[in-house]
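**Q** could you work out the structure for the sequence below:
(4 chains, ligands or ions: 6)
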Amino acid sequence: MREYQENSIVQAVDRLSDSLHRLTLFAPQIAAVARPGQFVMASCGTTLDPLLRRPFSIHQSFADVALQILVKVIGRGTRYLSELRPGAELSLIGPLGRGFHATTTGSVCLIGGGIGIAPLLFLASHLPTSPECSACTVLLGSQTKADLIVLSEEFIQFGCQVHTATDDGSLGHHGYISNLLPAVLPGVEKVFTCGPHAMMTTVAGLCLEADIACEASLEAHMACGLGACLGCAIHGSGNTYKHVCKHGPVFDAREIIWNP
Amino acid sequence: MREYQENSIVQAVDRLSDSLHRLTLFAPQIAAVARPGQFVMASCGTTLDPLLRRPFSIHQSFADVALQILVKVIGRGTRYLSELRPGAELSLIGPLGRGFHATTTGSVCLIGGGIGIAPLLFLASHLPTSPECSACTVLLGSQTKADLIVLSEEFIQFGCQVHTATDDGSLGHHGYISNLLPAVLPGVEKVFTCGPHAMMTTVAGLCLEADIACEASLEAHMACGLGACLGCAIHGSGNTYKHVCKHGPVFDAREIIWNP
Amino acid sequence: MEPLSTAPPPEMNISLGPLHLANPVMTASGTFGYGAEFINLVDLKRLGALVVKGISLEPRPGNPPPRIVETSCGMLNAIGLENVGLDRFIHQKMPFLRTCRSRIIVNILGDSIDEYALLAEKLTQVAGIDGLEINISCPNVKKGGVAFGTVPEMAAAVTLAVKNATDLPVIVKLSPNVTDVTVMAKAAEESGADAVSLINTLIGMAIDIHTRKPKLANIIGGLSGPAIKPIALRMVWQVARTVSIPVVGIGGIGTAEDAIEFLLAGASAVQVGTANFYNPAAAEQICTGIEAYLNRQGASSVHEIIGTLQTTF
Amino acid sequence: MEPLSTAPPPEMNISLGPLHLANPVMTASGTFGYGAEFINLVDLKRLGALVVKGISLEPRPGNPPPRIVETSCGMLNAIGLENVGLDRFIHQKMPFLRTCRSRIIVNILGDSIDEYALLAEKLTQVAGIDGLEINISCPNVKKGGVAFGTVPEMAAAVTLAVKNATDLPVIVKLSPNVTDVTVMAKAAEESGADAVSLINTLIGMAIDIHTRKPKLANIIGGLSGPAIKPIALRMVWQVARTVSIPVVGIGGIGTAEDAIEFLLAGASAVQVGTANFYNPAAAEQICTGIEAYLNRQGASSVHEIIGTLQTTF
Ligand SMILES: Cc1cc2nc3c(=O)[nH]c(=O)nc-3n(C[C@H](O)[C@H](O)[C@H](O)COP(=O)(O)OP(=O)(O)OC[C@H]3O[C@@H](n4cnc5c(N)ncnc54)[C@H](O)[C@@H]3O)c2cc1C
Ligand SMILES: Cc1cc2nc3c(=O)[nH]c(=O)nc-3n(C[C@H](O)[C@H](O)[C@H](O)COP(=O)(O)OP(=O)(O)OC[C@H]3O[C@@H](n4cnc5c(N)ncnc54)[C@H](O)[C@@H]3O)c2cc1C
Ligand SMILES: Cc1cc2nc3c(=O)[nH]c(=O)nc-3n(C[C@H](O)[C@H](O)[C@H](O)COP(=O)(O)O)c2cc1C
Ligand SMILES: Cc1cc2nc3c(=O)[nH]c(=O)nc-3n(C[C@H](O)[C@H](O)[C@H](O)COP(=O)(O)O)c2cc1C
Ligand code: FES
Ligand code: FES
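**A** Ligands and ions are numbered 1, 2, ... in the order given. Predicted coordinates:
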């Protein structure tokens, strides 16, 4: 497993909606070895304030040359990224962490909420291309329609069946995307999820109940992303702490205590 | 005396040479009241690092709407300014300090070295327009020709007689600009100077010797620019400290201990 | 867009013992000159209180330059307590300060207990002064330079002497350069201080690697600014849990959010220091920002948030 | 463009008493894991020494999350000394560390003097360990939680116990949360420490104003990063003038310029901490940068700059 500290070059910054920006980064070293579910640590500035890198899921990786991250503007780090222009440098460390295990051949369901959709597109592009894989159902939830238009098209192009839900009802189901999961679950062999913790808690609960394998990509504040600072602890099963950056960010739903 | 904290808008950033950039800033409040020799404190970034504002002489003030600063890239604050683009905001406080006293009607000499040329152009544009003022001699020194080409033209347009010197001999006198002063001094009523401390020390010495009035614009590291922090002390005559931001930046050469 | 609030503006007035302020936002000593320096940039009457530059009996010239250095998210200063001295303060600075319709607190410093007491006595007779803040970070010259601010007995003695010399409200300003700041706070409380304020600057240093000299002529200086906020907040929280007199939080406060952290930790008021330099509008913005926060939280008074930090998870 | 230097590369090796390092740039405990975490990003053999995460006799789970918060030019951590414990360290971590061709220093921590001594004794028998660093910032459980790091007698007792239990070089790592760090340094020196390293983190705090809870589950945490550099540099300078054993400078070092400031102030070596997180290449860049500085200064050895700060203006 190779990791790199690489000065990527911004190739494009596409505004998918008011709050969602997609950065295309020339980063051949990282792109060459990235796997779905892994992430990068990006320097969000050129001074010592902010000091720490921010973690971002790898959203796509192209022809071993470029990768994409999807950025939701939350605070100043993400705002900085959204304002970068083509040609700018962006220091990355990656690919980091344990990704999704997409070796399944049965039908799968990907369920993402908000910015949690980011790693699922890379995963969708890497699902085994056996006939059964037409049976890839993707459930995408967000606050409003604008965030989903471009993204749901892209999942469809990978041959996935897409269902959507929005908080404001402007697209698809009016309400939580997790509400759509029970109808989809029967026949699904594995569920992959990323999104708000509450959503993933619901998804994990439904899967565990139905005894369906579930992998979830978790978040924690990180200083290093390398397993060195031990800052990104979460409550794991068996009364242990897991480190999101190293043991995760993708965990088997059974490894986690969802409501500590 | 009115001072403002004003969010100026960058209108243009002109690169005069590799290291010299001229910023034109829409700042009507400050521009309306600025006088030659005064300065502004500029926020050189949008985060808390760097923390402090940096002082810049007012280089020109136009029709009460815009002002210009001339920036020499030294460290990260000045680099930040040189990389600003039209439309960007730049917070200024100003106009600050005591400016030049250009009420003289006799002939004057302006002698500037390097970035010290900045405040002299504003001064040249404000010299009394009496007939005698054709007798305004300007001595401009710099490392190399590139820094002086545009600037010396502009002084000429204000009716000044310009002489130059460069360290590398690429324009005018090959050596220190202060070497040209003795030949110019006779008949001059007042000398205004800004530049490296060593140059101003020489200039002040020559003037005091010849009993010619001399005003010099000094530098000191500043935190506030307002006379509040007392950080910008220099050795004044009479065993006192003077504060560059409030008592200066322009001092009568006799107020200063040049070699403390 | 937030809907226009129909709630009445929240109560912002607070008391530091006998000292009543219209709002909890003060400016810190040494960072706001004698007030007049900011007249064009700050609406002085909006300040809860204005704490003036530390005053000594005699004028002090201060340290030789260089006196300030920028550091990462902070600055070092070695001003050396330059000030105009008591007499010129009273005659040249107080007339303006009396006009600015803000509470005026005079920060005092001395080399001996007697000097502190004499300063307090003389300032008590001056009209327009609402309180004294004792800067105990100076070395005691008579005791061989041991700092008043690091030995509890000495802090107690200064506090007592000042309290005996004045009937003005007295705030004791604590140094952070100690193992246990609560011990110093208790010493001040037991000696009659009406409030404590903290923190003063942390001792720091910077070196110019090209000249191989310190960047300050005084070699060491006081570190202030956002860099020190986490330390200041921790000390304020510790002190607020220890003493029962009001606590004034100081250290790296530049935004309403910063100030609110200190209020939640138990400070009854805050002082804005270094931020006045890089953003003179800071104190006013903080005042407005606290009001907005109180409105959002549905609080009708700033007292509803002071000391309400929840420490159980 | 600088002309290609024809001078031989400067000597970079230094000694911390009996401990000889190829260069003065180490990585700080807790910020470099057990070394393996950086194998892809750092050429480990270029490190003067690698100090591993603090090890206790038994494994420790650490504190509940959240454990870290970013602050202005710094960060707070309340990891809670999570570590694999002595046995797993020896069997799972040392085999890799033995291969990395850098000096290995083990940072140790305990709740009692006996624990420190036992750790030292057991680690002395392990091949591949070049030295011990005693983290005295932990509270002494037996003495009711008083920190070893703030009482000179307790620091002395720990140092003595460890020295008696090992013949490995012993570095005592000092806490900055004290009134006078030189007293602590002297206590360590007099008890036989081969070197002192400083500073550990400053105690700080941060509050989430929306939840009104501390941002760390542990309420308080240790402040590190560029924000604390001025304080660390001042303490290193004070200690270097006080003790005659070597001093290792730590605190906010992220560039060669930072490191050189500490060397000029009297540190014989430095440790890079938080910078490893935001720039894993930092330690290597610092090493290269010191060499370049020595060349520019015409110095043939790093010893020519250590402690050469000029304090007369
Ligand atoms: C494994 C992983 C993958 C992620 N993938 C993406 C992605 O693809 N796209 C995306 O937009 N966001 C992603 N996030 C969240 C993203 O890291 C945060 O939104 C970002 O750090 C916020 O930084 P800021 O400076 O804008 O906000 P601030 O709130 O100013 O950040 C302050 C501090 O908190 C940390 N922080 C704040 N929010 C989070 C969060 N949700 N998770 C972790 N740290 C946080 C920051 O890193 C920083 O240290 C991911 C997080 C993790 C852990
Ligand atoms: C009254 C006055 C007028 C000035 N006018 C101009 C001008 O018109 N054009 C111009 O290019 N420069 C001018 N300068 C110098 C300018 O302020 C510095 O070059 C600038 O602050 C450097 O900032 P930096 O971040 O690029 O450098 P850094 O070296 O990174 O700055 C670090 C710190 O040192 C201070 N500092 C560094 N050099 C100087 C200096 N020479 N004087 C004062 N503080 C300094 C900075 O303000 C900052 O606080 C003036 C200075 C003064 C005092
Ligand atoms: C330039 C400067 C001068 C100061 N002078 C004084 C002083 O005279 N008396 C005093 O008690 N504190 C003085 N202080 C300390 C501040 O009042 C304040 O306690 C400290 O700076 C921390 O707050 P801050 O981080 O908001 O600046 C001074 C601080 C600075 C930066
Ligand atoms: C996440 C983290 C964990 C740390 N763990 C330890 C530790 O186990 N033992 C120790 O002595 N110091 C520990 N430290 C302190 C560092 O070794 C160092 O002394 C401190 O961070 C200051 O240096 P810096 O500013 O370069 O980070 C830790 C620091 C951080 C940030
Ligand atoms: S982020 Fe440092 S260990 Fe996970
Ligand atoms: S810069 Fe603050 S007093 Fe001059």
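**Q** I'd say residue C:158 and residue C:136 touch.
**A** Yes. With contact taken as Cβ atoms under 8 Å, residue C:158 and residue C:136 are classed as touching, separated by 5.8 Å. Every C-beta, even on glycine, is put in place using the N, C-alpha and C of the backbone.
**Q** shared neighbours of these two, anything?
**A** C:148, C:172 (Cβ atoms under 8 Å, 6 or more residues apart in numbering or on different chains).
**Q** I'd like the average pLDDT over the longest helix along chain A.
**A** If you go by DSSP state H, chain A has its longest helix at helix A:197-210. Averaged across helix A:197-210, pLDDT comes to 95.
**Q** and the helices in chain C, which stretches?
**A** Using DSSP H, helices in chain C cover C:85-88, C:94-99, C:113-124, C:152-165, C:181-190, C:229-242, C:256-265, C:275-278, C:282-296.
**Q** need those in a markdown table (columns: distance to residue B:194 and mean neighbour count).
**A** Putting the helices of chain C into a markdown table (distance: least, Cβ to Cβ, whole Å; neighbours: other Cβ atoms under 10 Å in any protein chain shown) gives the following:
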| stretch | distance to residue B:194 | mean neighbour count |
| --- | --- | --- |
| helix C:85-88 | 32 | 15 |
| helix C:94-99 | 32 | 15 |
| helix C:113-124 | 42 | 20 |
| helix C:152-165 | 47 | 21 |
| helix C:181-190 | 47 | 21 |
| helix C:229-242 | 38 | 26 |
| helix C:256-265 | 39 | 25 |
| helix C:275-278 | 24 | 26 |
| helix C:282-296 | 32 | 20 |
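**Q** export those to CSV and append columns for distance to ligand 3.
**A** CSV is the format used below for the helices of chain C (distance: least, Cβ to the nearest ligand atom, whole Å):
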stretch, distance to ligand 3
helix C:85-88, 13
helix C:94-99, 16
helix C:113-124, 13
helix C:152-165, 13
helix C:181-190, 13
helix C:229-242, 7
helix C:256-265, 9
helix C:275-278, 6
helix C:282-296, 9
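**Q** near chain B, which residues of the stretch 151-300 of chain C?
**A** Residues of the stretch 151-300 of chain C lying near chain B by Cβ under 8 Å from any Cβ of the partner chain: C:225, C:226, C:254, C:274, C:276, C:277, C:278, C:279, C:280, C:281.
**Q** which ones are touching residue C:41?
**A** Contacts of residue C:41 by Cβ under 8 Å, 6+ apart are B:3, B:4, B:5, B:93, B:226, C:280, C:281.
**Q** the residue nearest to the first one when sequence neighbours are not counted and residue C:152, how far apart?
**A** Just to be clear, that refers to residue B:3. Distance criterion Cβ to Cβ, 6 or more residues apart in numbering or on different chains; nearest residue to residue B:3, sequence neighbours excluded, is residue C:40 at 4.1 Å. To residue C:152, residue C:40 is 43 Å away according to Cβ to Cβ, to the nearest Å.
**Q** show me the contacts for residue C:14.
**A** C:20, C:21, C:23, C:24, C:48, C:246, C:268, C:269, C:302, C:303, C:306.
**Q** generate a ChimeraX selection restricted to the buried subset of these.
**A** The following ChimeraX line selects those of these that are buried, judged by 16 or more other Cβ atoms under 10 Å in any protein chain shown:
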select /C:21,23,24,48,246,268,269,302,303,306
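**Q** tell me which helix or strand residue A:123 sits in.
**A** Using DSSP states H and E, residue A:123 falls within helix A:118-125.
**Q** give me the helices and strands touching that helix, please.
**A** Counting contacts by 3 or more Cβ pairs under 8 Å, 6 or more residues apart in numbering or on different chains; DSSP states H and E, helix A:118-125 packs against strand A:54-57, strand A:60-62, strand A:108-113, strand A:136-142, helix A:149-157, strand A:190-194.
**Q** spit out the contact partners of the residue of the stretch 1-150 of chain A found nearest chain B.
**A** Nearest to chain B in the stretch 1-150 of chain A, going by Cβ to the nearest Cβ, is residue A:49, at a distance of 3.7 Å. By Cβ under 8 Å, 6+ apart, the contact list for residue A:49 reads B:47, B:48, B:49, C:72, C:73, D:72, D:73.
**Q** find the nearest non-adjacent residue to it, please.
**A** residue B:49 (3.7 Å).
**Q** quick check: mean pLDDT of the helix holding residue A:123?
**A** 95.
**Q** do the same with stretch C:255-271
**A** 98.
**Q** that stretch close to ligand 1?
**A** No. Using Cβ under 6 Å from any ligand atom, stretch C:255-271 never reaches ligand 1; the gap is at least 11.5 Å.
**Q** from one end of that stretch to the other, what's the distance?
**A** This stretch, stretch C:255-271, spans 11 Å end to end (Cα to Cα, to the nearest Å).
**Q** for the closest residue to ligand 5 within the stretch 51-200 of chain A, name its beta-bridge partners.
**A** Going by Cβ to the nearest ligand atom, ligand 5 is nearest to residue A:55 of the stretch 51-200 of chain A, at 7.9 Å. Beta bridges link residue A:55 to residue A:41, judged by DSSP bridges.
**Q** what pLDDT is listed against it?
**A** According to the model, residue A:55 scores 98 on pLDDT.
**Q** and for the one 4 residues further on?
**A** At residue A:59 the predicted local distance difference test score is 97.
**Q** isn't it right up against residue A:121?
**A** Yes. If you go by Cβ under 8 Å, residue A:59 and residue A:121 touch, sitting 5.8 Å apart.
**Q** shared neighbours, those two?
**A** By Cβ under 8 Å, 6+ apart, no residue touches both residue A:59 and residue A:121.
**Q** which ones are touching residue 255?
**A** Since no chain was named, I'll use chain A. A:236, A:237, A:242, A:247.
**Q** correction: the question concerned chain C.
**A** With Cβ under 8 Å, 6+ apart, residue C:255 has these contacts: C:282, C:285, C:286, C:289.
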